[in-house]
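Asks: One predicted model, sequence on top.
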Amino acid sequence: MPKVTFTDTGDQADAEEGGSLKDLTKNQGWPIAYGCEDGVCGTCIVEVKEGKENLNEMEEVEDQTLDMMGMKDGNHRLCCQCKVKGDVSIKGM
């Protein structure tokens with residue numbers, strides 16, 4: 001079972017493989033803001049500290065939103081768009 005680490009606090013949680021990172025962070029009560037939850041508003045941006053290869057491929061809407069925000073650097077993702085495939089560490093923004 002993949003582990004997700006929230007580096008702001010050091011908290012860890014088990015994730016369902018292929019499960020939503022958004023659902024996991026909400027269930028854990030980790031302080032990540034959510035707005036539209038559709039990958040458009042950019043409020044749920046996180047920095048992926050480790051394991052970016054263990055998240056699903058970025059789709060067009062997320063890619064465009066990160067580009068518009070100047071955060072399309074390979075280290076940032078929109079939490080609402082991520083599916084967990086393996087261990088990952090994230091930092092809130």
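Replies: Alright, I've got the coordinates. Numbering: from 1, shown residues only.
Asks: residue boundaries of the helices in this protein?
Replies: Ranges of helices in the chain, per DSSP state H, are 21-28, 60-68.
Asks: Could you dump those into JSON lines with mean neighbour count and distance to residue 7 added?
Replies: C-betas here are computed from N, CA, C, even on glycine. JSON lines is the format used below for the helices of the chain (neighbours: other Cβ atoms under 10 Å; distance: least, Cβ to Cβ, whole Å):
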{"stretch": "helix 21-28", "mean neighbour count": "18", "distance to residue 7": "13"}
{"stretch": "helix 60-68", "mean neighbour count": "15", "distance to residue 7": "20"}
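Asks: centroid residue for the protein?
Replies: Compute the mean C-alpha point of the chain, and by Cα atoms, centre = their mean the closest residue is residue 79, 3.0 Å away.
Asks: got a list of what the residue nearest to that residue when sequence neighbours are not counted touches?
Replies: Spatial nearest neighbour of residue 79, excluding adjacent residues (Cβ to Cβ, 6 or more residues apart in numbering): residue 44 at 4.1 Å. Contacts of residue 44 were listed using Cβ atoms under 8 Å, 6 or more residues apart in numbering, and they are 22, 32-35, 37, 78-80.
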